[in-house]
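> sequence unavailable; structure follows:
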């Protein structure tokens, strides 16, 4: 079984400031890791994913995340946010195949960017 | 189409009625998932289809919920005798099997049970 913890339910930040959204996970098996973004009244859009290899993963819209196996973390970062980044961000994990391939999501972090 | 589509986009129903929600996955994707997003429960897995294998129904909250996938493509999620706690956004996702690390989500069906 897997679980995901997003400790911050809301993160307010000023435009052009850096931001980090935290994600920690727990799993008894190896997992893939994901960050999805959900804009108001829209579905989930993949930001980035970690499958294997380099622990620093770059995604769309200038976001990146670093996989830390020892700390079981996958924090999302952006060096300079824009108003348009205001959205809900979900961290998720899944097993490799079969019934373990279902996504387990965190509770989400609402990023609020202001001027 | 280019992405996962779902219909209807919104559904309002009365308590006790049955509803059907439809999902059209990306062409060629063999895996299909249903999730539910609600204020109290966040995003939760409901059911998973992979090819002709028996579906993983472990996330279905009660026997009022069922789903089928015809011809390995379109899926229908049926909720019988709807209750107010069924109000949520129902999301469908699809992926390639085993190459399918990424699940692509549809826009969802927003269900309101009065």
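Cool, the structure landed. Bear in mind that the values here come from a model prediction, so they are computed numbers and not experimental data.

> can you pull the pLDDT of residue B:95?
As predicted, residue B:95 sits at a pLDDT of 89.

> next, the contact list for it, please.
Residues in contact with residue B:95 (Cβ atoms under 8 Å, 6 or more residues apart in numbering or on different chains) are A:101, B:29, B:31, B:33, B:101-104. No exception for glycine: its C-beta is placed from N, CA and C like everyone else's.

> check which residues of stretch B:9-21 are buried.
Across stretch B:9-21, burial judged by 16 or more other Cβ atoms under 10 Å in any protein chain shown covers B:11, B:13, B:19, B:21.

> so in that sheet, which strands flank the helix or strand containing residue B:20, and in what orientation?
Residue B:20 belongs to strand B:19-24 when assigned by DSSP states H and E. As defined by DSSP bridges, the strand partners of strand B:19-24 come to strand B:5-7 (antiparallel), strand B:75-79 (antiparallel).

> go through the last one and flag the buried ones.
Buried residues in strand B:75-79, counting neighbours by 16+ other Cβ under 10 Å, are found at B:75, B:77, B:79.

> and stretch A:53-62, by the same measure?
Under the neighbour-count criterion of 16+ other Cβ under 10 Å, stretch A:53-62 has A:57, A:59 buried.

> any stretches of chain A with poor pLDDT?
Low-confidence segments of chain A, defined by pLDDT under 70: A:97-99.

> okay, and the beta partners of the residue nearest the centre of it?
Central residue of chain A (Cα atoms, centre = their mean): residue A:35, 3.2 Å from the mean position. Residues in a beta bridge with residue A:35, per DSSP bridges, are residue A:48, residue A:91.

> would you mind identifying the next helix or strand past the strand holding residue B:20?
Downstream of strand B:19-24, the first helix or strand assigned by DSSP H and E is strand B:31-38.

> list of residues touching that following strand?
Residues contacting strand B:31-38 (Cβ under 8 Å, 6+ apart): A:101-103, B:23, B:25, B:43-51, B:67, B:69, B:75, B:77, B:87-97, B:100, B:103, B:108.

> which residues of chain B lie near chain A?
B:31, B:33, B:35, B:42-45, B:48, B:50, B:56, B:58-59, B:91, B:93, B:95, B:97-98, B:100-108 (Cβ under 8 Å from any Cβ of the partner chain).

> can you show me the strands along the chain?
No chain was given, so I picked chain A. Secondary structure of chain A by DSSP state E: the strands cover A:2-5, A:10-14, A:19-21, A:24-27, A:32-38, A:44-50, A:56-58, A:64-68, A:73-78, A:87-94, A:104-105, A:109-114.

> actually chain B
Shown for chain B, the strands assigned by DSSP E span residues B:5-7, B:10-13, B:19-24, B:31-38, B:42-50, B:65-69, B:75-79, B:88-95, B:104-105, B:109-113.

> who does the fifth one touch, helix- and strand-wise?
If contacts are counted by 3 or more Cβ pairs under 8 Å, 6 or more residues apart in numbering or on different chains; DSSP states H and E, strand B:42-50 sits against strand A:104-105, strand B:31-38, strand B:65-69, strand B:75-79.

> tilt between it and strand A:44-50?
Orientation of strand B:42-50 against strand A:44-50 (axes from the mean of the first three to the mean of the last three Cα atoms, to 10 degrees) gives an angle of 80 degrees.

> ok, residues contacting strand B:42-50?
By Cβ under 8 Å, 6+ apart, the list of residues contacting strand B:42-50 reads A:90, A:92, A:98-99, A:101-108, B:30-38, B:55-61, B:65, B:67, B:69, B:75, B:77, B:90-91, B:97.
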